[in-house]
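Peer 1: 3D, please:
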Amino acid sequence: MSQQPFPFTFDVVAEDPATHARAGVLHTPHGDVPTPIFMPVGTKATVKGLMPSMVRDLGAKIILANTYHLAMRPGAELVAQMGGLHAWERWDGPILTDSGGFQVFSHGDHVRLSDDGVTFRAVDYDGSYVTWTPEENMRIAELLGSDICMQLDVCPGYPCERSYLERAVDLSSAWAERCWRAHTRPDQALFGIVQGGMDLDLRLKSLRRLEDIGDFPGYGIGGYSVGESHDVMFETLAPLAGEYMPRDKPRYLMGVGNPTTLVEGVGVGVDMFDCVLPTRTARTGTAFSDEGRLNLKNACHRADPRPIGEHCGCPACAGGFSRSYIHHLVKQREMLGGILLSLHNTRYLLDLMARARQAILDGRYGAFMAEYRDRLDGRRDF
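Peer 2: This is a model prediction of the structure:
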């Protein structure tokens, strides 16, 4: 893998004295990404319901796309023919593509593992059988043309048998080495993925093997938010991120988007997060707020003239759309209801991470975490 010149660097610019939180800047060919950061997910090359200009105006610095879904439809070759993801979806900032591993292994009984790769039945498309090797996964990633791609990994659910967890770490490590050798695109960073479930020893084994393979410019932390509780997740995530992962590389907690988890994740040293939660919950009529989650379908909002957030700068709140109006839209299943809530929820998480970053720069992240918990009466499920 050529790394000269290598356009990806990560600078830690501040560290909180009372926690493991840190503020940084990830430099990419399509712009700088201040961390900690939430990355909106555009699964099929679109953040659902939102124009790219809307996502940009909300403050997003980097977005995601999903390797599995784009490989299935329309195919990575077509995306490359159209100029790659940036040109095709009209987004000029950084893009991260995931490995597709979570989607592949969500096929359950239709998945077969081997040392060579994974074979699965695409039951959510045409039902055909597809085989992915690490080399094929890297070929797809390079055709898509994202700034950051992830290695092919095995993502076990929770709970699972110890033998399967151990095999997931072994295969993910072996596949990481093959991805490292196969990946050749110099303007695209390949991140390794730390697996190991809720077992810290396996997590550390996975991390050590990645460090032995090569100088990955960043690390994903996979295999969380797969059925375990918040407290169980942090039993291993906290020491892994805060004490063992390299200081000079970005740490990316994959697929996690609960606001409280983001705040506590930053506190243990995580830099990057992504999740479909802000737009998915929006489509069910749910809004994020400093009060917790608000179900706009509830009758208590029917005649409420207030915006969702009194001090929120999103187009829904700043534009004067009331809880009453959004209640009406979601009850009547009008598209605008989901769009307004998607705008609000996405802005909420982006703003939450901006507030977190400022607290780190001010050296008061511990106080920021405490204040946030107090506003939610200590709840950790939001």
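
Peer 1: all contacts plus neighbour counts: C-alpha atoms, from now on.
Peer 2: Fine.

Peer 1: can you give me the helices for the stretch 101-250 of the chain?
Peer 2: Counting by DSSP state H, counting those that start in this stretch, the stretch 101-250 of the chain has helices at residues 101-105, 134-144, 162-182, 200-213, 230-239.

Peer 1: okay, those helices in CSV with mean neighbour count, mean pLDDT and distance to K48 next?
Peer 2: Listed next are the helices of the stretch 101-250 of the chain as CSV, based on neighbours: other C-alpha atoms under 10 Å; pLDDT from 0 to 100; distance: least, C-alpha to C-alpha, whole Å:
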stretch, mean neighbour count, mean pLDDT, distance to K48
helix 101-105, 21, 77, 18
helix 134-144, 23, 98, 19
helix 162-182, 20, 97, 30
helix 200-213, 18, 98, 33
helix 230-239, 16, 97, 27
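
Peer 1: right, and those - which one's nearest R283?
Peer 2: helix 101-105 (20.7 Å; C-alpha to C-alpha).

Peer 1: what's the closest of the helices of the stretch 101-250 of the chain to G24?
Peer 2: That would be, of the helices of the stretch 101-250 of the chain and by C-alpha to C-alpha, helix 230-239, which comes in at 18.8 Å.

Peer 1: sketch out the low-pLDDT regions of this protein for me.
Peer 2: Applying pLDDT under 70 to the chain flags the ranges 1-5, 378-382.

Peer 1: so which residue is smack in the middle of it?
Peer 2: Per C-alpha atoms, centre = their mean, the C-alpha nearest to the average position across the chain is that of D274, at 1.9 Å.

Peer 1: can you list contacts of the helix or strand encompassing it?
Peer 2: Assigned by DSSP states H and E, D274 belongs to strand 272-275. With contacts defined as C-alpha atoms under 8 Å, 6 or more residues apart in numbering, strand 272-275 is touched by 35-41, 64, 250-257, 262.

Peer 1: next step: those restricted to helices.
Peer 2: Among those, DSSP state H puts L262 in helices.

Peer 1: can you pull the contacts of the nearest residue to G100 once chain neighbours are set aside?
Peer 2: Nearest residue to G100, sequence neighbours excluded (C-alpha to C-alpha, 6 or more residues apart in numbering): Y68, at 4.6 Å. For Y68, the contact set (C-alpha under 8 Å, 6+ apart) comprises S99, G100, G101, Q103, V104.

Peer 1: ok, the last one to S172 distance?
Peer 2: Going back to what we said before, that points to V104. Going from V104 to S172 by C-alpha to C-alpha, to the nearest Å gives 14 Å.

Peer 1: do S53 as well
Peer 2: 37 Å.

Peer 1: check T286 too.
Peer 2: 36 Å.

Peer 1: how about Y164?
Peer 2: In terms of C-alpha to C-alpha, Y164 sits 12 Å off from S172.

Peer 1: with just CA atoms, put stretch 190-198 into CSV.
Peer 2: Written as CSV, here are the backbone C-alpha positions of stretch 190-198 (Å, rounded to 0.1, in the frame of the first residue of the first chain):
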residue,chain,number,x,y,z
LEU,A,190,-8.2,2.1,5.1
PHE,A,191,-9.3,1.7,8.7
GLY,A,192,-8.9,-1.5,10.6
ILE,A,193,-11.7,-2.7,12.9
VAL,A,194,-11.3,-3.9,16.5
GLN,A,195,-13.6,-6.8,17.3
GLY,A,196,-14.0,-9.0,20.4
GLY,A,197,-17.5,-8.5,21.7
MET,A,198,-17.7,-7.8,25.4
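
Peer 1: can you list contacts of it?
Peer 2: By C-alpha under 8 Å, 6+ apart, stretch 190-198 touches 148-151, 153-158, 165-166, 168-169, 172, 176, 180, 183, 202-203, 206-207, 210, 216-224, 232-233, 235-236.

Peer 1: can you rerun that using 6 Å?
Peer 2: Residues outside stretch 190-198 that contact it (C-alpha atoms under 6 Å, 6 or more residues apart in numbering): 148-151, 169, 202-203, 206-207, 216, 218-223, 236.

Peer 1: contacting residues around I140?
Peer 2: For I140, the contact set (C-alpha under 6 Å, 6+ apart) comprises A76.

Peer 1: distance of it from A176?
Peer 2: Distance from I140 to A176, by C-alpha to C-alpha: 15 Å.

Peer 1: over to T279?
Peer 2: Counting by C-alpha to C-alpha - T279 and A176 are separated by 31 Å.

Peer 1: how far out from the middle of the chain is the helix or strand encompassing Y372?
Peer 2: Using DSSP H and E, Y372 sits in helix 365-375. Offset of helix 365-375 from its chain centre (C-alpha atoms, centre = their mean, to the nearest Å): 23 Å.

Peer 1: and for stretch 284-297?
Peer 2: 21 Å.

Peer 1: start to end distance for that stretch?
Peer 2: End to end - C-alpha to C-alpha - stretch 284-297 spans 9 Å.

Peer 1: before we move on, back to that, make a markdown table from the helices of the stretch 101-250 of the chain and add distance to I326 to it.
Peer 2: Converted to a markdown table, the helices of the stretch 101-250 of the chain look like this (distance: least, C-alpha to C-alpha, whole Å):
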| stretch | distance to I326 |
| --- | --- |
| helix 101-105 | 32 |
| helix 134-144 | 37 |
| helix 162-182 | 44 |
| helix 200-213 | 44 |
| helix 230-239 | 30 |
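
Peer 1: for I95, find the nearest of the ones you listed.
Peer 2: By C-alpha to C-alpha (comparing all of the helices of the stretch 101-250 of the chain), the closest turns out to be helix 134-144, at 10.0 Å.

Peer 1: tilt between that closest one and helix 162-182?
Peer 2: Angle, helix 134-144 to helix 162-182, by axes from the mean of the first three to the mean of the last three C-alpha atoms, to 10 degrees: 50 degrees.
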